[in-house]
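> Generate coordinates for the sequence data below:
(chains A and B)
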Amino acid sequence: DAKTTQPNSMESNEEEPVHLPCNHSTISGTDYIHWYRQLPSQGPEYVIHGLTSNVNNRMASLAIAEDRKSSTLILHRATLRDAAVYYCILGRSAGNKLTFGGGTRVLVKP
Amino acid sequence: GAVVSQHPSRVICKSGTSVKIECRSLDFQATTMFWYRQFPKQSLMLMATSNEGSKATYEQGVEKDKFLINHASLTLSTLTVTSAHPEDSSFYICSARDAAGGGYTFGSGTRLTVV
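Residues are numbered from 1 along each chain as shown, chains lettered A, B, ... in the order given. Have a look, this model is predicted:
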């Protein structure tokens, strides 16, 4: 499985944007880039995913580099409820397993 | 949106007993479900892939006779921890993906404590 690299932790102030980087230099052409987040004592929650083009949804935006070797998850206005561990994961075809790396622990300060 | 229900949310059992954890996809069919284990302050570790109507595929180092997986229908997979020991205490999480496509949905997890 292709590997992803993320910073261990990041801090942000409430109401400010958060940019979470992810490096995936060994990504293959069929790998989707998935982002999930996990709040304390809960299962992971889907945030967003993409293949080549930038993606937006109500939770976040995903900016994918042109060479697809890196991506950035953007939380436009962080709230205290966004404090969680964010995982960047590469996954292939439908039904394929997701392998979690270390993730980035996001701390949001009021 | 897709919902995966996992039960129980917490369970305490005595050493040597077995515990069954259920994972149900409530509003979609899942031919494949996944079981993860998570120790405190660590990431999720994939244990096995549960396939409806066939044997589960276990990750390297996971004992298939200890962690029994059954996926008898398109909406239910179960994980049974047999002869549980204190080192099996962990947070167990299941995941499923809609056979029709879409993202992976995770259950809320089961915290197992073996005393």
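> Excluding chain neighbours, what is closest to whichever residue of chain A sits closest to chain B?
The minimum distance from chain A to chain B, using CB to the nearest CB, falls at residue A:43 (3.6 Å). In short, each C-beta sits where N, CA and C put it, glycine included. Leaving aside its chain neighbours, residue A:43 sits nearest to residue B:106 (3.6 Å; criterion: CB to CB, 6 or more residues apart in numbering or on different chains).
> what about the one you found, how many neighbours?
Residue B:106 has 24 neighbours, counted by other CB atoms under 10 Å in any protein chain shown.
> which residues touch it?
A:36, A:43-46, B:4, B:93-95 (CB atoms under 8 Å, 6 or more residues apart in numbering or on different chains).
> List the ones among the residues you listed that fall in helices.
Among those, no member is found in helices (DSSP state H).
> Okay, and which of these map to strands?
Counting by DSSP state E, the part of the contacts of residue B:106 found in strands is A:36, A:45-46, B:4, B:93-95.
> So what's the predicted local confidence for the residue most central in space within chain A?
Geometric centre of chain A, nearest residue: residue A:35, 3.6 Å, by CA atoms, centre = their mean. On pLDDT, residue A:35 comes in at 95.
> Do I have it right that it meets residue A:47?
Yes. If you go by CB atoms under 8 Å, residue A:35 and residue A:47 touch, sitting 4.2 Å apart.
> Now do the shared contacts for those two.
Residues touching both residue A:35 and residue A:47 (CB under 8 Å, 6+ apart) are A:60, A:73, A:86.
> Could you identify the buried members of the ones in strands among the contacts of residue B:106?
A:36, A:45-46, B:4, B:93-95 (16 or more other CB atoms under 10 Å in any protein chain shown).
> Would you check how far apart the closest residue to chain A within chain B and residue A:62 are?
Using CB to the nearest CB, residue B:106 is the residue of chain B that sits closest to chain A, at 3.6 Å. Taking CB to CB, to the nearest Å as the measure, residue B:106 and residue A:62 are separated by 19 Å.
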